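Novice: A predicted structure for the sequence below; I have some questions about it.
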Amino acid sequence: MSDNNDSLPQPTQQTPQSNGRSALRIAQVSCLLILILATALIISAAIMFFRNPTAHGIIGEAKTIAQCQINMQEIGGALDRYSRRNDHYPAKLDDLYPMFLEKKDILHCPSVPDTTEYDYIQPSADADPKTAVITCKRHIIMKDQGPWILILQKDGKVIRLTPSITTPPGVSGQPKSKGENR
């Protein structure tokens, strides 16, 4: 009879150490799968974003705004040099070229480089340093927004004002009173 017991398969006993290794292995594989899925999701979102023509327009206009800001800072330096030399500011921006600016195209907004000159207001020599000297209202990033406005102050600082989103089409701009049905 003892021979029959030897021929029966004996249940295997797992040690606590081998159970821990298999749980660790499952956790590693799970983390790897989550990482692969997250990476795939990020890549597909990036591909969808950069294939979108609106995204190209936003990126392009952001670069144009940055270039406009650089142009305004250069013009601000030229205005400062002009006023120190002449004790007043020029009547028009074209007076800065070629003596105070190397390139005449800096006097035009890069959003419409061939036709649009910056809006210039000649300040008095004793005007407040925060006085707006040059403004640019030509940067529209999205259709539902007004333009981004760049302002060069007399002190050389460029301020960027972001637009507020206008009322979407089909939505009234006037809120209804509490008594009206919606």
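Specialist: Everything's here; your move.
Novice: low-scoring pLDDT stretches of this protein, where are they?
Specialist: For the chain, the stretches with pLDDT under 70 are 1-20, 53-57, 113-116, 164-182.
Novice: buried residues in the lengthiest strand in it?
Specialist: As assigned by DSSP state E, the longest strand anywhere in the chain is strand 132-139. Judged by neighbour count using 16 or more other C-beta atoms under 10 Å, the buried positions of strand 132-139 are 132-139. Just so you know, the C-beta spots here come from the backbone N, C-alpha and C atoms, and that holds for glycine as well.
Novice: What of stretch 148-168?
Specialist: So, applying 16+ other C-beta under 10 Å, buried residues of stretch 148-168: 148-154, 158, 163.
Novice: likewise stretch 92-103?
Specialist: Neighbour-count burial for stretch 92-103, with 16+ other C-beta under 10 Å as criterion, is recorded at 93, 96, 100-101.
Novice: what's the most distant pair in those?
Specialist: The span of those, defined through C-beta to C-beta, is set by L93 and F100 at 10.1 Å.
Novice: The host helix or strand of R84: how far from the chain's middle?
Specialist: Assessed by DSSP states H and E, R84 sits inside helix 53-86. Chain-centre distance of helix 53-86: 16 Å, with C-alpha atoms, centre = their mean, to the nearest Å.
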